[in-house]
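S.K.: Turn this into a model:
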Amino acid sequence: MSLDPTQRHQIKQDPALTKLTDTQTIILSAGAQRPDNIALPLPKGLHGAAAKMAVTKMIAHGWLQEVDANLRQCEPLWRETGDGQGTTLIATAAGLKVIGIEPWGSGPVATDTPGPKARTPRTGTKHAAMIDMLSRPEGATVEELSVVTQWMGHTVRGAISGTLKKRLGLVIASSKDDRRGRVYRLANYASGAV
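M.R.: Below is the predicted model:
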(Lines give C-alpha, C1' and ligand atoms only; values in the text may rest on other atoms or scores of the structure.)
Protein backbone atom coordinates (compact mmCIF):
# COMPACT_ATOMS: atom_id res chain seq x y z
CA MET A 1 0.00 0.00 0.00
CA SER A 2 1.64 3.23 -1.05
CA LEU A 3 0.61 6.78 -0.35
CA ASP A 4 1.25 9.67 -2.69
CA PRO A 5 3.99 12.11 -1.57
CA THR A 6 1.48 14.71 -0.35
CA GLN A 7 -0.25 12.21 1.93
CA ARG A 8 3.08 10.86 3.20
CA HIS A 9 4.17 14.41 4.06
CA GLN A 10 0.89 15.11 5.89
CA ILE A 11 1.21 11.92 7.94
CA LYS A 12 4.78 12.74 9.01
CA GLN A 13 3.88 16.32 9.95
CA ASP A 14 0.77 15.57 12.02
CA PRO A 15 1.76 14.99 15.69
CA ALA A 16 -1.56 13.24 16.44
CA LEU A 17 -0.48 10.39 14.19
CA THR A 18 2.30 9.25 16.51
CA LYS A 19 -0.35 7.07 18.19
CA LEU A 20 -0.92 5.05 15.01
CA THR A 21 0.84 1.77 14.43
CA ASP A 22 1.91 0.74 10.94
CA THR A 23 -0.97 -1.72 10.83
CA GLN A 24 -3.51 0.95 11.79
CA THR A 25 -2.14 3.30 9.15
CA ILE A 26 -2.37 0.60 6.47
CA ILE A 27 -5.96 -0.31 7.43
CA LEU A 28 -7.13 3.32 7.40
CA SER A 29 -5.26 4.16 4.19
CA ALA A 30 -6.80 1.16 2.44
CA GLY A 31 -10.25 2.18 3.67
CA ALA A 32 -9.74 5.70 2.33
CA GLN A 33 -9.09 4.31 -1.15
CA ARG A 34 -12.06 1.93 -1.32
CA PRO A 35 -15.68 2.69 -2.19
CA ASP A 36 -17.73 3.70 0.86
CA ASN A 37 -14.49 3.68 2.91
CA ILE A 38 -14.71 -0.07 3.59
CA ALA A 39 -11.65 -1.09 5.59
CA LEU A 40 -11.76 -4.76 4.61
CA PRO A 41 -10.00 -6.95 3.69
CA LEU A 42 -7.39 -6.48 6.39
CA PRO A 43 -3.70 -6.64 5.45
CA LYS A 44 -2.26 -10.06 4.66
CA GLY A 45 -0.98 -11.83 7.75
CA LEU A 46 -3.37 -10.01 10.10
CA HIS A 47 -5.98 -12.49 11.28
CA GLY A 48 -7.34 -14.18 14.38
CA ALA A 49 -6.75 -12.62 17.78
CA ALA A 50 -4.31 -10.02 16.41
CA ALA A 51 -6.90 -8.77 13.91
CA LYS A 52 -9.61 -8.65 16.56
CA MET A 53 -7.36 -6.71 18.96
CA ALA A 54 -6.29 -4.20 16.29
CA VAL A 55 -9.86 -3.60 15.11
CA THR A 56 -11.23 -3.35 18.67
CA LYS A 57 -8.68 -0.64 19.51
CA MET A 58 -9.45 1.26 16.32
CA ILE A 59 -13.20 1.12 17.02
CA ALA A 60 -12.54 2.36 20.57
CA HIS A 61 -10.59 5.34 19.15
CA GLY A 62 -13.43 6.05 16.72
CA TRP A 63 -11.31 5.36 13.65
CA LEU A 64 -13.36 2.38 12.47
CA GLN A 65 -17.05 1.61 12.78
CA GLU A 66 -18.84 -1.70 12.44
CA VAL A 67 -21.90 -1.42 10.17
CA ASP A 68 -24.31 -3.85 8.56
CA ALA A 69 -22.79 -5.35 5.42
CA ASN A 70 -24.67 -5.20 2.14
CA LEU A 71 -24.33 -8.82 1.05
CA ARG A 72 -26.07 -8.12 -2.27
CA GLN A 73 -23.16 -5.90 -3.21
CA CYS A 74 -20.71 -8.56 -1.94
CA GLU A 75 -19.26 -6.31 0.75
CA PRO A 76 -16.61 -8.17 2.75
CA LEU A 77 -17.69 -9.47 6.17
CA TRP A 78 -15.96 -8.68 9.43
CA ARG A 79 -18.23 -11.00 11.41
CA GLU A 80 -21.47 -12.90 10.94
CA THR A 81 -24.46 -11.87 13.05
CA GLY A 82 -26.86 -14.68 12.17
CA ASP A 83 -29.75 -15.14 9.75
CA GLY A 84 -27.35 -14.79 6.84
CA GLN A 85 -26.39 -11.27 7.94
CA GLY A 86 -23.07 -9.78 8.91
CA THR A 87 -21.13 -6.61 9.54
CA THR A 88 -18.30 -4.90 7.75
CA LEU A 89 -15.83 -2.23 8.88
CA ILE A 90 -15.62 1.30 7.51
CA ALA A 91 -13.12 4.04 8.16
CA THR A 92 -14.81 6.92 9.97
CA ALA A 93 -14.26 10.61 9.27
CA ALA A 94 -12.09 10.69 12.40
CA GLY A 95 -10.08 7.75 11.06
CA LEU A 96 -9.50 9.50 7.78
CA LYS A 97 -8.52 12.73 9.50
CA VAL A 98 -6.00 10.96 11.73
CA ILE A 99 -4.11 9.83 8.62
CA GLY A 100 -4.33 13.33 7.15
CA ILE A 101 -7.12 12.76 4.61
CA GLU A 102 -10.18 14.98 4.55
CA PRO A 103 -13.40 12.98 4.03
CA TRP A 104 -15.03 13.63 0.67
CA GLY A 105 -17.41 12.10 -1.85
CA SER A 106 -21.05 11.25 -1.95
CA GLY A 107 -20.60 7.83 -0.34
CA PRO A 108 -21.53 7.35 3.28
CA VAL A 109 -18.83 8.21 5.78
CA ALA A 110 -19.38 7.05 9.32
CA THR A 111 -19.82 9.60 12.07
CA ASP A 112 -16.93 10.68 14.24
CA THR A 113 -18.50 9.33 17.39
CA PRO A 114 -18.23 5.62 17.99
CA GLY A 115 -20.93 3.80 19.84
CA PRO A 116 -23.42 1.06 19.52
CA LYS A 117 -25.73 1.39 16.58
CA ALA A 118 -29.38 0.93 17.43
CA ARG A 119 -30.42 -2.19 15.61
CA THR A 120 -33.87 -3.11 14.50
CA PRO A 121 -34.87 -6.34 12.84
CA ARG A 122 -35.98 -6.28 9.24
CA THR A 123 -39.72 -6.64 8.77
CA GLY A 124 -40.98 -10.01 7.67
CA THR A 125 -38.21 -11.98 9.39
CA LYS A 126 -38.54 -14.66 12.02
CA HIS A 127 -37.00 -12.34 14.60
CA ALA A 128 -39.60 -9.69 13.80
CA ALA A 129 -42.35 -12.29 14.20
CA MET A 130 -40.90 -13.26 17.59
CA ILE A 131 -40.88 -9.63 18.71
CA ASP A 132 -44.50 -9.23 17.61
CA MET A 133 -45.51 -12.26 19.64
CA LEU A 134 -43.50 -11.17 22.69
CA SER A 135 -45.03 -7.68 22.47
CA ARG A 136 -48.53 -9.03 23.04
CA PRO A 137 -49.85 -8.71 26.61
CA GLU A 138 -50.19 -12.51 26.79
CA GLY A 139 -46.59 -13.02 25.60
CA ALA A 140 -45.51 -16.31 24.05
CA THR A 141 -44.12 -19.68 25.07
CA VAL A 142 -41.15 -21.38 23.44
CA GLU A 143 -43.56 -23.86 21.87
CA GLU A 144 -45.69 -21.07 20.35
CA LEU A 145 -42.58 -19.32 19.03
CA SER A 146 -41.33 -22.63 17.60
CA VAL A 147 -44.53 -23.06 15.58
CA VAL A 148 -44.23 -19.58 14.05
CA THR A 149 -40.47 -19.68 13.37
CA GLN A 150 -40.31 -23.40 12.55
CA TRP A 151 -37.25 -23.60 14.82
CA MET A 152 -36.53 -26.12 17.51
CA GLY A 153 -36.92 -24.99 21.14
CA HIS A 154 -33.20 -24.59 21.80
CA THR A 155 -32.90 -22.32 18.75
CA VAL A 156 -35.81 -20.16 19.94
CA ARG A 157 -34.25 -19.83 23.42
CA GLY A 158 -30.91 -18.95 21.80
CA ALA A 159 -32.57 -16.27 19.64
CA ILE A 160 -34.25 -14.80 22.74
CA SER A 161 -31.03 -14.60 24.73
CA GLY A 162 -28.65 -13.83 21.87
CA THR A 163 -30.34 -11.84 19.16
CA LEU A 164 -33.21 -10.21 21.01
CA LYS A 165 -31.58 -9.53 24.38
CA LYS A 166 -27.90 -9.05 23.56
CA ARG A 167 -27.86 -7.78 19.98
CA LEU A 168 -31.09 -5.76 19.94
CA GLY A 169 -31.00 -4.82 23.63
CA LEU A 170 -34.59 -5.82 24.34
CA VAL A 171 -35.60 -6.54 27.93
CA ILE A 172 -37.48 -9.82 27.98
CA ALA A 173 -38.99 -11.22 31.15
CA SER A 174 -40.34 -14.68 31.78
CA SER A 175 -42.88 -16.01 34.22
CA LYS A 176 -44.44 -19.35 35.00
CA ASP A 177 -48.07 -19.78 33.96
CA ASP A 178 -49.94 -22.75 35.44
CA ARG A 179 -51.81 -23.37 32.19
CA ARG A 180 -49.23 -22.48 29.49
CA GLY A 181 -45.89 -23.08 31.21
CA ARG A 182 -42.99 -20.61 30.91
CA VAL A 183 -44.19 -17.42 29.16
CA TYR A 184 -41.85 -14.78 27.71
CA ARG A 185 -42.85 -11.12 27.28
CA LEU A 186 -41.20 -7.83 26.45
CA ALA A 187 -40.56 -6.06 29.76
CA ASN A 188 -43.28 -3.42 29.33
CA TYR A 189 -45.85 -6.27 29.33
CA ALA A 190 -44.19 -8.40 32.03
CA SER A 191 -46.37 -7.01 34.79
CA GLY A 192 -49.51 -7.43 32.71
CA ALA A 193 -49.81 -3.68 32.02
CA VAL A 194 -51.07 -2.81 28.58
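S.K.: ranges for the helices of this structure?
M.R.: Remark: helices assigned in the chain by DSSP state H are 5-13, 22-33, 48-61, 93-98, 126-135, 142-149, 153-158, 187-190.
S.K.: residues making contact with the third one?
M.R.: Where contact means Cβ atoms under 8 Å, 6 or more residues apart in numbering, the residues beyond helix 48-61 that reach it are 19, 21, 23-24, 27-28, 42, 46, 64-66, 78, 89, 94-95, 98, 114. To be clear about C-beta, it is placed using only N, CA and C from the backbone, and glycine gets the same treatment.
S.K.: do the second one as well
M.R.: Residues from elsewhere that reach helix 22-33, judged by Cβ under 8 Å, 6+ apart: 1, 3, 7, 11, 17, 20, 37-39, 42-43, 46, 54, 57-58, 63-64, 89-91, 95-96, 98-99, 101.
S.K.: one more time with 10 Å, if that's ok
M.R.: Identification of contacts with helix 22-33 by Cβ atoms under 10 Å, 6 or more residues apart in numbering yields 1-3, 7, 11, 17, 20-21, 37-43, 45-46, 50-51, 54-55, 57-58, 61, 63-64, 89-92, 94-101, 103-104.
S.K.: Buried among the contacts of helix 48-61? Make that a PyMOL selection.
M.R.: Selection of buried members from the contacts of helix 48-61 for PyMOL, criterion 16 or more other Cβ atoms under 10 Å:
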select buried, resi 23+24+27+28+42+46+64+65+66+78+89+94+95+98+114
